[in-house]
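Student: Sequence first, predicted model second:
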Amino acid sequence: MSGQGTVLVKTYNNEGLELESSPGPHGGLATDKIDLCYVNQREVFRYAGIPCSAYADSVSKTGGERSDSFDRAHECLIECVKEISTVITYKVCYREVDVIWRAGSPQLSFDTYESRNLKEVLGGCEKAVLMAATIGMGVDRLITKYEKVAPLKALIMQALGSERVERLCDKFNQDIINYAIGDGYDAKPRFSPGYGDLPLKVQTDFMSVLDCAHLIGINLNESLLMSPSKSVTAIIGLSSTEERKGEHAFDSGMAYYKSREYDKSREMLELALAFGISKAALYIGDMYGYGYGVRQDQAKAVEYYTIAGQDGVAEAKKRLNVIINRYEPEKKEIKIFPFNC
Amino acid sequence: MGDIREYLKNHLLYLDGGMGTLLQKRGLKPGELPERWNITHPEIITELHRAYYDAGSNVVYANTFGANPLKFETRELEEIIHAAIENVRSAALQSSSDREKFVSLDIGPLGRLLKPYGDLDFEDAVRLYGQIVRIGAACDPDLITIETMNDSYDTKAALLAAKENSDLPVFVTNAYGEDSKLMTGSSPEAMIALLEGMGADAIGANCSLGPAQLREVVSVYVEKASVPVILKPNAGLPRAIDGETVYDVNSTDFGSIMEEYARMGVRVLGGCCGTTPDYIKETVDRTEPHMSEIVGSHPIEDKGISWISSYTHAVTFGKSPVLIGERINPTGKKRFKQALRDHDIGHILQVGLEEQEKGAHVLDVNVGLPEIDEPALLEEVTRELQSVTDLPLQIDTSDSTAMEKALRAYNGKALINSVNGKQEVMDAIFPLVAKYGGMVVALTLDDGGIPSDAAKRVEIAQKIVDEASKYGIHKKDLIFDTLAMTISADTTAALATLSSLHTIRHELGCHTSLGVSNISFGLPERELVTSTFFALALEQGLDAAIMNPSSLEMMKVYYTYRALHDLDENCAEYIGFAGDYAKLRENVAQNTSMTAAIADGDKAAASDNGHSELQTAIIKGLKEKSAELTLRLIDSGTDCLDIVNQEIIPALDYVGQGFEAKKMYLPQLLMSAEASQSAFDIIKRDMASRPDGETAAKGKFVIATVHGDIHDIGKNIVKLIMENYGFEVLDLGKDVPADKVVEETVRFGAPLVGLSALMTTTVPAMEETISKLREKAPGVKVVVGGAVLTQEYADRIGADYYAKDAMATVRYALNLMDEANGK
């Protein structure tokens, strides 16, 4: 089976951590560079339940006006950063996979439960990167320890862990974007199991497709949560940057169609359909309807004609009428009152 | 085929190479379970096995790496394991190689992480592995291999299962990362100590890295392991080239590094991911001709290392003194006794962490009180402690049931306290040491009591050494305590202890330990005597002391002894200590004068907004200050209940209201909670010291994160705030089955239960818990909370109340109490 690249592991060096010295206008970094060394305080505090507005307030105040509890939260964060930096590891395992389109839905090597959100984030993609990232078990140990003896520190440590793993994902994502651009692809925003209508059950597939337990030590528990808890799985769609990719796929599909290489033709037409070329559905429908290169299957034909018909392809509507009239004789009105009697 | 252990004494042993990569080439699809191929494609599996035997492998692993009860139903699991071992056996028969051939059952990780970081219970893991071992052993392989384990606790579960369910030799290899540690943080030393202690027959490393990257790990193993060392690395690191997986070390380079390692002392050689029969052949070709030379220069011999371990590291006895913290022990400590009775695990952990901070290397754990269930509590405390500290533990109990439970649960090689010359004690303890591993503290006393003269104590020691050897327990795993007795009763006591200590250390060649504090019992300024005795004992060859690491005098002896005995390079640690020493002495002086300064005049400055000083300290979240002010109030005669009701609760209310009005945030709420906690600690200590400890509890409350959910920070916050408001809280922890919640609620007699769930997937577990509570504990109210919950959800699953945060829970609970009192 094609479409499954090697699972690779990427480890980022842990070269010490420091708090961001000067947050940019939106609290983020002043530059676009995503460097794992810097901890975004504002994010950490947001995870810890201090809203951004309150944080911005506290930063703008000086001296005696500043609430000393913010100072203490800040001190606590400094301690947490110091402790976490000795145990944190940044590991990602990932794999490039082909996205096959069937009837306008993306197909991976595992069931994605017809997720509409996944369809949106993979729109127009013929490849995707599956990834799993973790900052390791040491962070969980610190959190567990402080949960038992120092709740505030546990809270800040939790928040810091969340910020770290998100930062790791951003960093890796940036690498994927760079790599994708070099290869003539655009990377779509990353999307994780459990978001929107992509059910958490697909975690199981992510774990096995990416060999996570073995490669970077992520295990899944019975309720599909990951250990280490500061781990993330996601999919990043890759779409070709050629502007007329859809048309190209359609043209190539039609060329195969004419040369009667129906398997290849179907593959390209499905891709074209994924790029929104509805007419492709008409020809895929024909292949099923007439049995070109596949076993004849009226139901499938109807499915594709319907897709094309909905987008206003007139021929598809006609064919749909013919099939419905011919193959659904049980519809009584047609039988009793034939139009042409 | 003979016994592989015998064969190993005079031979290098060759294992097989990679399987998964070869199977993929033969058409195994991603996501397809390779173990099924034993049945569907036996000819391919047998052919691959045969290729390894032909290449020179002595041992071929059956294709059972992932064959476990979590992946397969029992019937299929049996079929797979039977077929897999049969496939290896046919390959051995078909192979043209005339070398000795062995068949191994192969066991890999279950794929689920153990508690507390995952959700699989240790004993469940032992049971699951046990099932594999029983099925496998019935097929009569020559050995069992446990491989690619990346968690020490999981490794222990598998090895224990192998030992409990078969008599076969067991090989164990772990997967080390680039940092030369397991994924869960264990060093090679920690693994060697653990695995040898439990009786593994050969140990080492496999997978994860190429041979070159494992150099550091290999050198530790060959230097420190007493059993044969295994190395089965990958063919380097994988790369993707044109969609194909390619490993970056070829068979020639692989063979050459393996030869080098064999010459360093690795006895068992093989390959893992990416290696093929060529890699094995290369390794065999390079080493087999020199086998007698290689084997001759590295005989398998006991390295004689006396050590214990935690999940991260080993602590070795013999060179530098080992400090064993004595504070987790109820003897003479009212507050600690109270904590044991109240099941206040937090306090116990706090004591342990303080000892670690003060410089203890090992923590003694004693939770024995007549009125408590010691076996259950000792096991629980062992598990809890190892989740917060990486120090090795000394399990201290005279109850052998409690000892066994704690040793099973312990994630490492423990120090066992203790055995002595009494036959029935040795009969009870030595089998546990032989099974679970461990170093044992051996007291030089017997049925005749403690001999007053040194020679008799040495005699008892010799008897213990002899008896231990019957169980295969080497004297390196015995550490003798020649019993320090107070000189206030007998002024020759110290001399007898020191003289027998010297003999045992230098003539019997065993390590020694002392509970040094006993020496000064009944004398004034005990620390002075104890610390001098400690220094004298060190000079006589004392290896470890059970002591109080908070004692400045004791630490002074420790640091100066190390500096004077060339154990402290450039005296750096001493200099560090000396800096602290000056500061600490000042603090001691200040603390003693503090009580005298009650009438100081800084009250006006501290209070604002009409809050009292203590209230201000709590609102601002000042821990030390809150504790100090509470102590002052108690000393000035204020009633404890008044402090709670008039000082602490109003302060918490103020913060709570600020939180509800979104003027204060979660971190601030927690800071105040911690500050009031420290005030409560003072109050508790005061109450514990009174004859009939009055309790200030408002009401009882049970809290749990429901089954399947392992996120509990929210639950912990609610617990803390509820405790602050004076509720007696029973925390059942996370991932709690419905039945347990019901059972404990009934037992504890709480009128209110709080349930927490973070995920939509665990809300059904919450619903189930509520319906069981309704059935078995009618009248009990249920409050629910957690990230995914909403009022609608709460209504739908039949909860009495939805609390959006900790404060809402408190308000609801207080209202309930008011209602109940109103009636």
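Tutor: Structure's in. What do you need? Predicted model, so just to flag it, every value in this text is computed and none were measured.
Student: what residues does the stretch 51-200 of chain B put near chain A?
Tutor: Neighbours of chain A within the stretch 51-200 of chain B, by C-beta under 8 Å from any C-beta of the partner chain: B:109, B:111-113, B:116-120, B:148, B:150, B:175, B:177-179, B:183-185. (C-beta placed from N, C-alpha, C; glycine too.)
Student: Narrow these to just the buried residues.
Tutor: B:109, B:111-113, B:116-120, B:148, B:150, B:175, B:177, B:183-185 (16 or more other C-beta atoms under 10 Å in any protein chain shown).
Student: Tell me if the longest helix anywhere in chain A is near chain B.
Tutor: When chain A is parsed with DSSP state H, its longest helix is helix A:151-182. Yes. Residues of helix A:151-182 are located near chain B by C-beta under 8 Å from any C-beta, namely A:151, A:152, A:154, A:155, A:156, A:158.
Student: hang on, the third one packs against residue B:713?
Tutor: Yes. With the criterion set as C-beta atoms under 8 Å, residue A:154 and residue B:713 qualify as a contacting pair; they are 6.4 Å apart.
Student: Quick check: residue B:434 is in a strand.
Tutor: No. With DSSP: H, G, I helix; E, B strand; the rest coil as the criterion, residue B:434 is helix rather than part of a strand.
Student: where exactly do the strands run in the stretch 201-341 of chain A?
Tutor: Ranges of strands within the stretch 201-341 of chain A are A:219-220, A:226-227, A:231-240, based on DSSP state E, counting those that start in this stretch.
Student: CSV for those, including distance to chain B?
Tutor: Formatted as CSV, the strands of the stretch 201-341 of chain A follow (distance: least, C-beta to the nearest C-beta, whole Å):
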stretch, distance to chain B
strand A:219-220, 4
strand A:226-227, 4
strand A:231-240, 11
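Student: Quick check: which of those strands is nearest to residue B:141?
Tutor: Nearest to residue B:141, of all those, is strand A:219-220, at 27.5 Å by C-beta to C-beta.
Student: what pLDDT, on average, does that closest one get?
Tutor: What strand A:219-220 shows for mean pLDDT is 90.
Student: swap in stretch B:689-704?
Tutor: 71.
Student: tell me the helices in the stretch 51-200 of chain B, going along the chain?
Tutor: Using DSSP state H, counting those that start in this stretch, the helices found in the stretch 51-200 of chain B span residues B:74-94, B:122-138, B:152-165, B:188-197.
Student: before we move on, what about the stretch 201-341 of chain A?
Tutor: A:202-210, A:212-215, A:245-258, A:262-274, A:279-290, A:298-310, A:314-327, A:332-336.
Student: mind putting these in CSV, distance to residue B:35 and mean neighbour count included?
Tutor: Shown next, in CSV, are the helices of the stretch 201-341 of chain A (distance: least, C-beta to C-beta, whole Å; neighbours: other C-beta atoms under 10 Å in any protein chain shown):
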stretch, distance to residue B:35, mean neighbour count
helix A:202-210, 14, 20
helix A:212-215, 15, 22
helix A:245-258, 40, 18
helix A:262-274, 33, 22
helix A:279-290, 38, 22
helix A:298-310, 36, 19
helix A:314-327, 46, 15
helix A:332-336, 55, 9
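Student: Pick out the shakiest of the ones you listed, pLDDT-wise.
Tutor: helix A:332-336 (a mean of 36).
Student: ok so, going back, ranking the strands of the stretch 201-341 of chain A by mean neighbour count, which comes first?
Tutor: Comparing those by mean neighbour count (mean count of other C-beta atoms under 10 Å in any protein chain shown), strand A:219-220 comes out on top with a mean of 26.
Student: Pairing partners for it, with directions?
Tutor: Taking DSSP bridges as the criterion, strand A:219-220 forms sheet pairs with strand A:226-227 (antiparallel).
Student: Assign the closest residue to residue B:388 other than its chain neighbours to helix, strand or coil.
Tutor: Excluding the flanking residues, the one nearest residue B:388 by C-beta to C-beta, 6 or more residues apart in numbering or on different chains is residue A:145, at 4.1 Å. Three-state call for residue A:145 (three-state DSSP): helix.
Student: which residues sit in contact with residue B:383?
Tutor: Residue B:383 sits next to B:115, B:116, B:409 when contact means C-beta atoms under 8 Å, 6 or more residues apart in numbering or on different chains.
Student: Same check on residue B:277?
Tutor: So residue B:277 contacts B:17, B:51, B:52, B:54, B:55 (C-beta under 8 Å, 6+ apart).
Student: show me the contacts for residue B:140.
Tutor: Applying C-beta under 8 Å, 6+ apart to residue B:140 gives the contacts residue B:85.
Student: before we move on, what about the one 5 residues further on?
Tutor: Contacts were defined as C-beta under 8 Å, 6+ apart; by that measure residue B:145 touches B:59, B:61, B:104, B:105, B:106, B:107, B:170, B:171, B:172, B:173.
Student: Can you check the pLDDT for residue B:605?
Tutor: 37.
Student: Export the helices of the stretch 201-341 of chain A as JSON lines, with columns for distance to chain B.
Tutor: Below are these laid out as JSON lines (distance: least, C-beta to the nearest C-beta, whole Å):
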{"stretch": "helix A:202-210", "distance to chain B": "6"}
{"stretch": "helix A:212-215", "distance to chain B": "5"}
{"stretch": "helix A:245-258", "distance to chain B": "21"}
{"stretch": "helix A:262-274", "distance to chain B": "17"}
{"stretch": "helix A:279-290", "distance to chain B": "26"}
{"stretch": "helix A:298-310", "distance to chain B": "25"}
{"stretch": "helix A:314-327", "distance to chain B": "36"}
{"stretch": "helix A:332-336", "distance to chain B": "43"}
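Student: now what about stretch B:729-740, what contacts it?
Tutor: Applying C-beta under 8 Å, 6+ apart, the set of residues contacting stretch B:729-740 is B:115, B:119, B:343, B:700-712, B:715-716, B:719, B:722-723, B:741, B:744, B:748, B:750, B:765, B:768-769, B:772.
Student: What residues sit buried inside it?
Tutor: B:729, B:730, B:731, B:732, B:733, B:734, B:735, B:736, B:737, B:738.
Student: Identify all residues paired with the third one through a beta bridge.
Tutor: So the one you mean is residue B:731. Bridge pairing for residue B:731 - DSSP bridges - gives residue B:703.
Student: what would the helices of the stretch 51-200 of chain B look like in a markdown table with distance to residue B:418?
Tutor: A markdown table is the format used below for the helices of the stretch 51-200 of chain B (distance: least, C-beta to C-beta, whole Å):
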| stretch | distance to residue B:418 |
| --- | --- |
| helix B:74-94 | 42 |
| helix B:122-138 | 25 |
| helix B:152-165 | 23 |
| helix B:188-197 | 17 |
